[in-house]
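Q: Can you look at this prediction? I've put the sequence above it.
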Amino acid sequence: MKSSAKLFLTVFGVTLLTVAVAVMLTEKVPPATIGVKQYMWGGGIVGQDHEMGYHLGITGYHRWHFLDQRTHFVTFSRDRRPSSFNHQEQPSLEIRTRDNNTAAVDVTVTYRITPGEGHKIVQGALKEAYHDRVKSTVEGVLREELAHLSPEDFVSTEIRMQRAQNILPVLAEAMSAFHVTPETILIRAVRFPPEYEDKLQKKQLTRQLAKLAPAKQAVEEQLQVTGTIEKQTEAMVKTNRAEWDKALQTMSSNNEVAMARVMAEARVYDETTRAEADRDYLKLLATGELAMAKAEALRNELRNVALDTRGGRIFLGIEAARNLQIDSVTLNSNDPSVPTIIELQKLVEILIGEPETP
C-alpha cells in the first residue's frame, strides 16, 4: 500500500515537473500573429519572424514580441469611427486640386507587415510607433499625389481609379522604411465647396448635353435606319405572304382537281362494276330460271309418262278416291248398278275407266 502511494506521488511529481519545464521552455505564437524573439542576456533581436505555433522560449532568458499579421486600415472619412489596433480613423483629406480648388476626399488605404520583416520593426524600435508613422506617410503621399488631379478628374471614375493605381508604387516605396506594404487605395467619396459643387454640376450638365446632341442625332439616324428596315421587312412580309397565298391557292386548286379526278374515277369504277355485277346477276338469274323451267318441264314430262301407265292410272284413281268428298250417299239395294263407296274396287274401276284385273 505504501509502495503504491509512493509510486503515484513520484509519477505525479515527474508529470508536474515536465509540464513546468515545458511551460518554461516554450512560447505559443497565436494565429494571425508574428512572433519576434529577443535574447535578454546578449544576442539582441533574433532575425527571424516566427509563425503561429510553439517555439523555444526560455522564461527569463528570452523575451517575445508579438505583431499583428492581419490587414491594417488607414481611413480618412467624414463619418469617423473609433480607431482600433489595426484600424486608424482620421478626418477627410483636404486636397488643393490642380486648378487651385479645395476638395474633401474620403479614402482608405490597406497595408500589411511585409513578410519576413516583422523582426525589423522590433529592431528599429517601431513596434509601438509604426502605426502612426505609416498614417503620417500615407497622408503626406496622398496629399501630394491627389493634388495633381483636377475636379473633372475626381469626377471621372476611370481617371480616379487609374490615379489610385499609379499612387500605389509611390506609397509602397515610402512605406518600405517601416517594413510594411500597401495593398489597395480606395477613393470612396469626393466633396467640393457648395458653390463650386453647383458650378461643377452645371459644367457636367453642359458636357452631358453636348454629348446628348450627337447621341440624339445617332438615335434619329438609327430610327431612320430602323424605319427603313421596318418598311423593307413589311414589304418582304407582304411579298412572301402573297407568294405563300398564291402557292397555297395553287396547291388547293391542284388538290381539288386531284380530288375531282379521283371522285370521277371512283364513280366510273363504281358504275362499271355495278353494271358488270348487274349483268352477271341477270345472266346467272336467267340461266337459273331456265334450268328451273327445264327441270320443271322434265319433271312434268316424267310425271306424265309415269301417270300414263296402268300403275299411274291406278295411283291417280287411288288419290282421287282418297281425296273424294261425298256429302251424302243414297243407297238402293234394288239397283245393282249403283256403286257403293264401301266397295273401293268398284269405285276405282269407275274412276280409272276400266275394271281391275283379278
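A: Ah, there it is.

Q: Please make it C-alpha for all contacts and neighbour counts, starting now.
A: Noted.

Q: can you confirm Tyr54 is in a strand?
A: Yes. The assignment for Tyr54 by DSSP: H, G, I helix; E, B strand; the rest coil puts it in a strand.

Q: Leaving out the residues flanking it, which one is nearest to it?
A: Spatial nearest neighbour of Tyr54, chain neighbours left out: Lys28 (4.5 Å); criterion: Cα to Cα, 6 or more residues apart in numbering.

Q: Just give the number of residues close to that neighbour.
A: 16 (other Cα atoms under 10 Å).

Q: Same question for the one 4 residues further on.
A: The local packing count at Ala32 equals 13, with neighbours defined by other Cα under 10 Å.

Q: repeat for Gln88
A: Residues lying near Gln88 (other Cα under 10 Å) number 19.

Q: Can you check which helix is longest in the chain?
A: Secondary structure assigned by DSSP state H gives helix 194-307 as the longest helix of the chain.

Q: Helix 194-307 and the next helix or strand along the chain from it, what's the angle between them?
A: Once the chain leaves helix 194-307, the next helix or strand it forms, by DSSP states H and E, is helix 310-323. Relative orientation of helix 310-323 versus helix 194-307 (axes from the mean of the first three to the mean of the last three Cα atoms, to 10 degrees): 110 degrees.

Q: contacting residues around Ser150?
A: Contact analysis of Ser150 by Cα atoms under 8 Å, 6 or more residues apart in numbering lists 97-99.

Q: Columns secondary structure, neighbour count and pLDDT on top of those, output as a markdown table?
A: A markdown table is the format used below for the contacts of Ser150 (DSSP: H, G, I helix; E, B strand; the rest coil; neighbours: other Cα atoms under 10 Å; pLDDT from 0 to 100):
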| residue | secondary structure | neighbour count | pLDDT |
| --- | --- | --- | --- |
| Thr97 | coil | 20 | 86 |
| Arg98 | coil | 14 | 86 |
| Asp99 | coil | 11 | 82 |
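
Q: okay but Gly35 is in contact with His65, surely?
A: Yes. If you go by Cα atoms under 8 Å, Gly35 and His65 touch, sitting 5.8 Å apart.

Q: got any ranges where the stretch 1-150 of the chain has weak pLDDT?
A: Residues of the stretch 1-150 of the chain that meet the criterion pLDDT under 70 lie in 1-25.

Q: And the strands in it?
A: Using DSSP state E, counting those that start in this stretch, the strands of the stretch 1-150 of the chain run over 26-29, 33-39, 44-45, 53-56, 62-68, 72-76, 87-90, 93-96, 102-113.

Q: looking at those, which is buried most?
A: Comparing those by mean neighbour count (mean count of other Cα atoms under 10 Å), strand 72-76 comes out on top with a mean of 24.

Q: ok, how many other residues are close to Ala174?
A: The number of residues packed around Ala174, counting by other Cα under 10 Å, is 19.

Q: same deal with Leu149?
A: Leu149 has 18 neighbours, counted by other Cα under 10 Å.

Q: Next, the contact list for it, please.
A: For Leu149, the contact set (Cα under 8 Å, 6+ apart) comprises 97-98.

Q: Renumber starting at 22 from here on
A: All right, first residue 22 from here; so that's Leu170.

Q: Compute the distance between it and Arg228, please.
A: 19 Å (Cα to Cα, to the nearest Å).

Q: And Leu88, by the same measure?
A: Going from Leu88 to Arg228 by Cα to Cα gives 51 Å.

Q: May I see the strands of the stretch 22-171 of the chain arranged in CSV, with distance to Glu292 as well?
A: What follows is those, written out as CSV (distance: least, Cα to Cα, whole Å):
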stretch, distance to Glu292
strand 47-50, 113
strand 54-60, 110
strand 65-66, 125
strand 74-77, 111
strand 83-89, 111
strand 93-97, 106
strand 108-111, 109
strand 114-117, 110
strand 123-134, 104
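
Q: pLDDT weak spots in the stretch 222-371 of the chain?
A: By pLDDT under 70, the weakly predicted segments of the stretch 222-371 of the chain are 342, 345-371.

Q: domains in the chain, as residue ranges please.
A: The chain breaks down by automatic domain parsing into domains covering 44-90, 93-213, 330-346+354-373.

Q: Measure how far the first one is from the centre of its chain, please.
A: The gap between where domain 44-90 is centred and where its chain is centred comes out at 58 Å by Cα atoms, centre = their mean, to the nearest Å.

Q: Ok, stretch 279-288 next?
A: 53 Å.
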